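J.: Quick check, what structure comes out for this input:
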Amino acid sequence: MTKKTPEELEREKQERFLDAARKGISWEELKELEQSRNCSPNYIYAICDPDTEEVKYIGQTSGELVARLSAHIGKARRAKANQTDLGYWIMSIIDQGKMPKIKVVEEVFGDINAAERRWITKMLDDGRDLTNTVANYKSVKWKNNIEQHRQRITKKNAMLATVQADSE
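T.: Residues are numbered from 1 along each chain as shown. The predicted model follows:
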């Protein structure tokens, strides 16, 4: 397949716009279609426990999943005093002679940050104990929301441990 010149690409774009206009597609829909055509997808991914498939982290990338997981593992191995929750969890899996799994949960052509927040919120609402840190999020409301979820999960886990200890 030969590479097209910029002029050829522009001519094709104009033809698509004219064809869409003839079909009654609105200007906004047309811009959206053109954006999705011109950009490669981003991905929302989950890092999971290799045995239970439990989701421990939600992230975003525009690159290869294996490279992204390798970056997380490398960061966890290099970190000493400033280890994140994800880093501790990754090292605990590696110490068992295993590797975390990574999988795509959504392919995104639009607002990747909104998609990531949506997935994190969904996981937290489902009671998942994510290792995502609050520092990754901009708004105070969003930070407070994640902190409240994490506190509820910590409290729930403490109650479960107490009940389990009492039953033994």
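J.: Could you say which helix or strand holds the residue most central in space within the chain?
T.: With distances taken as Cα atoms, centre = their mean, G59 lies nearest the centre of the chain, 2.7 Å away. Assessed by DSSP states H and E, G59 sits inside strand 55-61.
J.: mind listing what the closest residue to the residue nearest to the centre of the chain other than its chain neighbours touches?
T.: Distances taken as Cβ to Cβ, 6 or more residues apart in numbering place Y45 nearest to G59, at 5.5 Å, with adjacent residues excluded. Any C-beta I mention is one placed from the backbone N, CA and C, and that applies to glycine too. Each residue near Y45 by Cβ atoms under 8 Å, 6 or more residues apart in numbering is listed here: I58, G59, Q60, T61, L65, R68, I102, K103, V104, V105.
J.: Could you give the bridge partners of the closest residue to the fifth one other than its chain neighbours?
T.: Same thing as L65. Among residues not flanking L65 along the chain, I102 sits closest, at 4.9 Å (Cβ to Cβ, 6+ apart). Listed beta-bridge partners, I102: I47 (assigned using DSSP bridges).
J.: List the residues that contact I102.
T.: Y45, A46, I47, C48, L65, V66, R68, L69.
J.: Quick check: neighbours of the strand holding G59 in the sheet, parallel or antiparallel?
T.: Strand pairing (DSSP bridges) places strand 55-61 next to strand 42-48 (antiparallel).
J.: Alpha carbons only: can I get the strand it pairs with in CSV?
T.: Once non-C-alpha atoms are left out, strand 42-48 reads as follows in CSV (Å, rounded to 0.1, in the frame of the first residue of the first chain):
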residue,chain,number,x,y,z
ASN,A,42,-6.6,4.9,23.7
TYR,A,43,-7.3,2.1,26.1
ILE,A,44,-8.6,1.8,29.6
TYR,A,45,-7.0,-1.2,31.2
ALA,A,46,-7.3,-3.3,34.4
ILE,A,47,-4.4,-4.8,36.2
CYS,A,48,-5.6,-8.0,37.8
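J.: That strand - what's its average pLDDT?
T.: The average of the pLDDT scores along strand 42-48 is 94.
J.: what's the answer for stretch 90-109, then?
T.: Average pLDDT, stretch 90-109: 91.
J.: how about the helices in the chain?
T.: Per DSSP state H, the chain carries helices over the ranges 6-22, 27-38, 65-78, 85-95, 112-125, 140-167.
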